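A.B. asks: build me a model from this:
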Amino acid sequence: MALQDLLRMLRESLDRDEIMTKELGAFIQNQAPKYMKPAAKLNQNVDLEEMVGALKESMEESIIAIESVTKVE
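C.D. replies: Below is the predicted model:
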């Protein structure tokens, strides 16, 4: 295979990647609002213990979500 063939294939691949990136960006803009939770009001007077508890709960939910996506059965 000649270097020119490799260069052509690389350019074609980059063109496809660019198209896919644009399509994914449009998809995310259209789909993300459906899955995002509405922003909760923030309590400015939360003590450290409550804040750590909320962070722990959020992290646990994230870990569960990641495990469910990456679990291979």
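
A.B. asks: roughly how far apart are the residue sitting nearest the centre point of the chain and E57?
C.D. replies: In the chain, the centroid-proximal residue (C-alpha atoms, centre = their mean) is I28; its distance is 9.2 Å. Look at I28 and E57: by C-beta to C-beta, to the nearest Å, they are 26 Å apart. C-betas here are computed from N, CA, C, even on glycine.

A.B. asks: in whichever strand or helix holds M9, what's buried?
C.D. replies: For M9, the element it lies in under DSSP states H and E is helix 3-35. For helix 3-35, burial by neighbour count (16 or more other C-beta atoms under 10 Å) applies to no residue.

A.B. asks: begin at 59, not 1, for the rest of this chat.
C.D. replies: Happy to do that; since the first residue is 59 now, the last one works out to helix 61-93.

A.B. asks: report the next helix or strand after that helix in sequence order.
C.D. replies: That would be, after helix 61-93 and using DSSP H and E, helix 106-128.

A.B. asks: okay, that next one in CSV with CA atoms only?
C.D. replies: What follows is helix 106-128 as a C-alpha-only set of coordinates in CSV (Å, rounded to 0.1, in the frame of the first residue of the first chain):
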residue,chain,number,x,y,z
LEU,A,106,-20.9,20.5,56.2
GLU,A,107,-22.4,17.2,57.4
GLU,A,108,-25.4,17.6,55.1
MET,A,109,-23.2,18.6,52.2
VAL,A,110,-21.0,15.5,52.6
GLY,A,111,-24.1,13.3,52.9
ALA,A,112,-25.5,14.7,49.7
LEU,A,113,-22.2,14.3,47.9
LYS,A,114,-22.0,10.6,49.2
GLU,A,115,-25.5,9.9,47.9
SER,A,116,-24.7,11.4,44.6
MET,A,117,-21.5,9.5,44.2
GLU,A,118,-23.3,6.2,45.1
GLU,A,119,-25.9,6.9,42.4
SER,A,120,-23.2,7.6,39.9
ILE,A,121,-21.3,4.4,40.8
ILE,A,122,-24.5,2.4,40.4
ALA,A,123,-25.2,4.0,37.0
ILE,A,124,-21.7,3.4,35.8
GLU,A,125,-21.8,-0.3,37.0
SER,A,126,-25.1,-0.9,35.2
VAL,A,127,-23.7,0.5,32.0
THR,A,128,-20.4,-1.4,32.2
